[in-house]
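K.L.:
Give me a model of this one.
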Amino acid sequence: MCVAVPAMVTDIKGEIATVDFGGGTTREVNIKLVDIKVGEYVLVHAGFAIATMDEKAAKDTLELMEKIV
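P.N.:
Residues are numbered from 1 along each chain as shown. Reported below is the predicted structural model:
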């Protein structure tokens, strides 16, 4: 099973974005597959932003994931 995790884009440099998964966890991901701006949310899988998502859905998903961990 594959899991994609929501994250907020905090910085963009070319095709690489810094994203925040919450709780201070940040990573650099490739954003070549999506059209995104700083402050928006993406689904991240294996180092790639694979889709965009709205803020409410992202926060709801992160909240649910936190409950099951």
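K.L.:
any chance you could map the strands in the chain?
P.N.:
5-13, 16-20, 26-30, 41-45, 48-53 (DSSP state E).
K.L.:
surely residue 55 meets residue 42?
P.N.:
No. Using CB atoms under 8 Å, residue 55 is not in contact with residue 42, being 11.5 Å away. Yep, even glycine has a C-beta here, placed from its N, CA and C like the rest.
K.L.:
and these two? which has more neighbours close in?
P.N.:
Neighbour count, other CB atoms under 10 Å: between residue 55 and residue 42, residue 42 has more, with 25 against 12.
K.L.:
who are the neighbours in contact with the more buried one?
P.N.:
The contact partners of residue 42, by CB atoms under 8 Å, 6 or more residues apart in numbering, come to 6-7, 9, 17, 19, 29, 31, 34, 36, 49-53.
K.L.:
List the single closest residue to it in space, sequence neighbours excluded.
P.N.:
Ranked by CB to CB, 6 or more residues apart in numbering and with sequence neighbours excluded, the top spatial neighbour of residue 42 is residue 49, at 3.8 Å.
K.L.:
any idea how far that neighbour lies from residue 27?
P.N.:
Separation of residue 49 from residue 27 (CB to CB, to the nearest Å): 11 Å.
K.L.:
Compare those two and say which is more crowded by neighbours.
P.N.:
A side-by-side neighbour count of residue 49 and residue 27, using other CB under 10 Å, places residue 49 first with 24 against 13.
K.L.:
Pairing partners for that one in the sheet, please.
P.N.:
residue 44 (DSSP bridges).
K.L.:
Any stretches of the protein with poor pLDDT?
P.N.:
1 (pLDDT under 70).
K.L.:
where's the residue nearest to residue 42 relative to residue 28, distance?
P.N.:
From residue 49 to residue 28 the distance is 11 Å (CB to CB).
K.L.:
Give the intersection of the neighbour lists for these two.
P.N.:
With CB under 8 Å, 6+ apart as the test, residue 49 and residue 28 both reach 17, 19.
K.L.:
sorry, back to before: nearest to residue 68, out of the strands of the chain?
P.N.:
Closest approach to residue 68 among those is made by strand 5-13 (12.5 Å; CB to CB).
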